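> Fold the following for me, if possible:
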Amino acid sequence: MTTDLSHIRNFGICAHIDAGKTTVSERILYYTGKNYKIGEVHEGTATMDFLEEEQERGITIQSAATTCPWTHESKEYKLNLIDTPGHVDFTIEVERSLRVLDGAVAVFDGKEGVEAQSETVWRQADRYRVPRLCFVNKMDKLGASFDFSFSTIKSRLGANAIAIQYPIGTGPEFQGIIDLIRMKAIYFKGEKGETVIEKDVGDDWKETAEKWRHDMVEKVAELDDALMDKYLHGTAILEEEIRLALRRAVVERKAYPVLCGAALRNIGVQMLLDKVVELLPNPNEKPEVEGTDPRDKDVRMTRPHDKDAPFSGLVFKVVSDQHGDLTYVRIYSGTLTKGTRLLNPGNGKKENASRIFEMHAQNRIPLEETSAGNIVAIVGIKDSYTGDTLCDADKPIMLERMHFPEPVISMSIEPKSADDKRRLSEALGVIRREDPSFRSHFDEETGQTIISGMGELHLEIISNKLKRDMKIGVDVGKPRVSYREAITRKVEWVRGLFKKQSGGRGQFGDCQIHLEPFTAAQAAEDELDFTENIAFENKIVGGSVPKEFIPSIEYGVRQTALNGPVYNRGYPLINAKITLVDGSYHDVDSSQVAFEQAGRIALQEASAKAGGVLLEPIMKVVVTVPNDYLGNITGDISSRRGMIIDTDDRGVVKLVTAEIPLAELFGYTTAIRGMSQGRASATMEFLEYRQMPKGMIEQVLDDKKDKAGAKK
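Alright, predicted model coming up:
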């Protein structure tokens, strides 16, 4: 297979849950010859959904990677494809996939158009500057409308959408696709739609097709001055000119071509693959990858997408395996040979790429060597995790890290036996390596292990993995909300003094701090580290605290912030800045431990004066409900301290968008089914942390206190 970078496409399939991403992926595997038969999600036979949980639930839980060939216009291309989940609880899988992809195909349900999670993945792709094609799927579904779906892409996503295909019929009447660039009608025949037949556009569809083609040509002309000149002078714009202008616009993210089809009925996927290679960028067309010098973070560096450049790659996924952890790496520059020693500049450790594999879902194809532009899995990496850089030890570079969402929901988990306790600790470590959106810690107050994640389904699947896959006996508590602390005003010159004398050498640490509310935007503007949403700035002048003790003070305040200095209930303090302004030391008694304690005391004192509040996670909830049950749903939202933001008509159903505290949403899906005779459904995603009403704060703190007391 070719290794020419211009013939490689690294792309992902992403969308709202149930839009048909995995079905599209399965057809791609079949038509590229990677699979000899088509796997179906509803039958539990999908290649890309190979986990037992995925097959049982009919949803994608973890992103799966594969490599397959595609021949277009007599040229062979190498497609590195990642199928991502649609459920919001697994948004980290989408996040880390988009970070390393050069392009994406956003799939939409032909009846529903842009849905809640569609907007989320679109914003994620915007954050990582990923060029996209849009594929309106399920055009064979009753009630499907290309016109409606196309309009929602423009209105809800604010995207410069350009339709380059149009369906021949919709719903049960859907037969094929009109290629608006070539003005040809395309039909897909044979048992698996493998035979592509091209015809002239019939009279029934000619007027509609010409209208949509006129709109397409006008939009394409707006992207290119030379084409606009031709358009204004009435000169025909050639097919090749349209393709070239579209490609430039896609690569620069100025336009998003819209295609259509019905993957389940095997219509349109081959044309989608053609457009992937025609319009999405190859690695060379992306800007050189940016990073910093690990020895001086103020020095910016780049690496070209070249197999002869110094090696650099980004770890975007770790999968635990009985034969050794699989570390998925996107290679941005250089060449990697089996057995090469690499550097992780983040922790300074050397890693050994003992084996390299090209992945096909859970199947592996061993490689002796690979180079820039490829996505591979490596065995032998011990101390590198998602977001870490691997590079040439002699030419180090630190690539930009990923954004990991904070967990919003927690639950207790307790081992049933001493053996289970030992194995549980190891298992949680494995899961943390695999899933950066998962957290676990031991709560000293209650004596319980607490696991935290992105939603009820996320934690349910993790607990099932512990019980079923890892054979660990555990009792699982009820889910509970992960709250946060915040302050409302600035306090200055708060002293933290730690003084201890017990015969012989004593302990002495003394510091003074300012504490104030702070945001990520302010931290970026001031170029301050905002780890765990806390900024620390040293403004000591004149050496009142020696330099070697400053890191100890920072460590003390950061650890105290993590434990929650306002209410001391384990809810982390966020969105705050601690400024070290003064202090004193003792020539003999001062130590790192003493100044760490001084920092802890200073933050606790300052937090008590800074108007502490408790923040709760607010979820954006979108409920699809038949008109007959709208009153039941809206009344219930109000009873859950929710606020209705928008109500949208979708034929015989309404789309209700609301903001509701997570604490009020446990078991919500079951509740709305009961209120609508099973006809309403809901999706939810984390929106923001918001201040809680005072009465609710007291209730939450009392509940935590009661649980701790009962355990003791």
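
> residues in contact with stretch 192-209?
The contact list for stretch 192-209 (CB atoms under 8 Å, 6 or more residues apart in numbering) reads 30-31, 38, 166, 168, 178, 180, 183-189, 265-267, 269-271. All C-beta atoms are positioned from the backbone trio N, CA, C, and that covers glycine.

> Reduced to three states, what does the nearest residue to residue 110 once chain neighbours are set aside come out as?
If you skip the residues right next to it in sequence, residue 110 has residue 144 as its closest partner in space, 3.5 Å away by CB to CB, 6 or more residues apart in numbering. Applying DSSP: H, G, I helix; E, B strand; the rest coil to residue 144 yields a three-state assignment of coil.

> residues touching residue 144, list them.
Taking CB under 8 Å, 6+ apart as the definition, contacts of residue 144 comprise 110, 111, 138, 170, 171, 174.

> again, but for residue 592
With the criterion set at CB under 8 Å, 6+ apart, residue 592 makes contact with 548, 549, 552.

> Which member of the residues you listed is positioned nearest residue 412?
When the contacts of residue 592 are compared for distance to residue 412 (CB to CB), residue 552 wins out at 32.9 Å.

> The closest one contacts residue 595, correct?
Yes: under the contact definition of CB atoms under 8 Å, residue 552 touches residue 595, with a separation of 4.2 Å.

> picking that back up, which of the contacts of stretch 192-209 are buried?
Among the contacts of stretch 192-209, those buried by neighbour count (16 or more other CB atoms under 10 Å) are 30-31, 38, 166, 168, 178, 180, 185-186, 188, 266-267, 269-271.

> Name the strands paired with the one helix or strand residue 317 maps to and say parallel or antiparallel.
Per DSSP states H and E: residue 317 is located in strand 312-319. Pairing partners of strand 312-319, with direction, according to DSSP bridges: strand 326-333 (antiparallel), strand 389-391 (antiparallel).

> residues in contact with that strand?
The set of residues that contact strand 312-319 without belonging to it, under CB under 8 Å, 6+ apart, is 63, 96-97, 99-100, 289, 291, 303, 325-334, 336, 377, 381, 384-392, 397, 399, 402, 433-434.

> buried set for the helix or strand containing residue 204?
The secondary structure element spanning residue 204 is helix 203-221 (assigned by DSSP H and E). By neighbour count with 16+ other CB under 10 Å, helix 203-221 contains the buried residues 205, 209, 212, 213, 216, 217, 219, 220, 221.

> what's the answer for stretch 145-152, then?
Of the residues in stretch 145-152, those scored as buried under the neighbour-count criterion (16+ other CB under 10 Å) are 145, 146, 148, 149, 150, 152.

> tell me the two of these that are most distant?
Of all the pairs that these form, the one spanning the most space (CB to CB) is 146 and 152, at 11.0 Å.

> how many other residues sit next to residue 539?
Here the number of neighbours of residue 539 (other CB atoms under 10 Å) works out to 10.

> list the contacts for it?
For residue 539, the set of contacting residues under the criterion of CB under 8 Å, 6+ apart consists of 579, 580, 581.

> circling back: nearest to residue 643, of the strands paired with strand 312-319?
strand 326-333 (40.4 Å).

> what mean pLDDT does that closest one have?
Per-residue pLDDT over strand 326-333 has a mean of 90.

> And for it, what's in contact with it?
Strand 326-333 is contacted by residues 10, 65, 100, 289, 303-307, 309-319, 357, 359, 370-379, 381, 384, 390, 399 when judged by CB under 8 Å, 6+ apart.

> can you tell me which of those residues are in strands?
The strands in this structure, assigned by DSSP state E, contain 10, 65, 289, 303, 312-319, 357, 359, 370-371, 375-379, 390, 399 from those.

> Just to check, residue 66 is in contact with residue 26?
No: here residue 66 does not reach residue 26: they are 10.5 Å apart, not a contact under CB under 8 Å.

> out of the two, which sits in the more crowded spot?
With other CB under 10 Å as the criterion, residue 66 and residue 26 differ in neighbour count, and residue 26 comes out ahead with 26 against 23.

> packing partners for the longest strand belonging to the chain?
In terms of residue count, the longest strand belonging to the chain (DSSP E) is strand 613-626. Taking 3 or more CB pairs under 8 Å, 6 or more residues apart in numbering; DSSP states H and E as the contact definition, the neighbouring helices and strands of strand 613-626 are strand 484-486, helix 630-639, strand 653-661, helix 668-675, strand 681-691, helix 694-711.

> and of the buried ones among the contacts of stretch 192-209, the nearest to residue 160?
Lowest distance from residue 160 to those (CB to CB) belongs to residue 180, with 16.2 Å.

> So for this structure, the centremost residue is which one?
residue 95 (2.2 Å; CA atoms, centre = their mean).

> quick one: pLDDT of it?
75.

> and the gap between it and residue 84?
Taken as CB to CB, to the nearest Å, the spacing of residue 95 relative to residue 84 amounts to 9 Å.

> Lovely, talk soon.
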